[in-house]
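Asker: here is a sequence with its predicted model. Questions after.
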Amino acid sequence: MFCDDDPWLAELRAIALGYSEAYEKVSHGRPCFFVPKMFAMYGGSTRETGEMTAVSHCVLVKVDASDRSALQADDRFFLPGYLGPSGWLGLDFDRADVDWDEVRELVDASFRLVAPRRLVKQLDGL
């Protein structure tokens, strides 16, 4: 379901594994990043057209409810199958040029939502 030498995956991997105690494992055929809960996934699927459709080049992240509607208004974002109802959105890398600063912000926000409090405090230097 993915190529380990995919340059977008390599960039996402560098971002996600930069967090303290973050690790990668393949889950449901996709590279996922955990601390110990999952905070990002490369690749996914959507049911936006009614049928399950693979979105191979994307990042799935957990988003705060207050950011959800603004992000969903952007056509680069989609509601991922299975994870969408749990507060996750996908950013499709094929819909526009990838802004890696934006991806870093999304991954950071997702990390902060799921990581243990001590890791968030460590990240903030507290």
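Answerer: Yes, it's here.
Asker: how many neighbours does residue 84 have?
Answerer: Using other CB atoms under 10 Å, residue 84 has 18 neighbouring residues. Just so you know, the C-beta spots here come from the backbone N, C-alpha and C atoms, and that holds for glycine as well.
Asker: any idea which helix is longest in the protein?
Answerer: For the chain, the helix reaching the highest residue count under DSSP state H is reported as helix 100-114.
Asker: check which residues of that helix are buried.
Answerer: For helix 100-114, burial by neighbour count (16 or more other CB atoms under 10 Å) applies to 103, 104, 106, 107, 108, 110, 111, 112, 114.
Asker: okay, the fourth one: pLDDT?
Answerer: I take that to be residue 107. On pLDDT, residue 107 comes in at 98.
Asker: for residue 50, see how far away it is.
Answerer: Counting by CB to CB, to the nearest Å, the separation of residue 107 from residue 50 is 29 Å.
Asker: how far away is residue 38 from residue 17?
Answerer: In terms of CB to CB, residue 38 sits 14 Å off from residue 17.
Asker: quick one, which of those two is more surrounded?
Answerer: The neighbour count for residue 38 versus residue 17, taken as other CB under 10 Å, is higher for residue 38 (18 against 11).
Asker: picking up where we left off before, now the buried residues of helix 100-114 in TSV, with distance to residue 80?
Answerer: Below are the buried residues of helix 100-114 laid out as TSV (distance: CB to CB, whole Å):
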residue	distance to residue 80
103	16
104	20
106	13
107	15
108	19
110	13
111	18
112	19
114	15
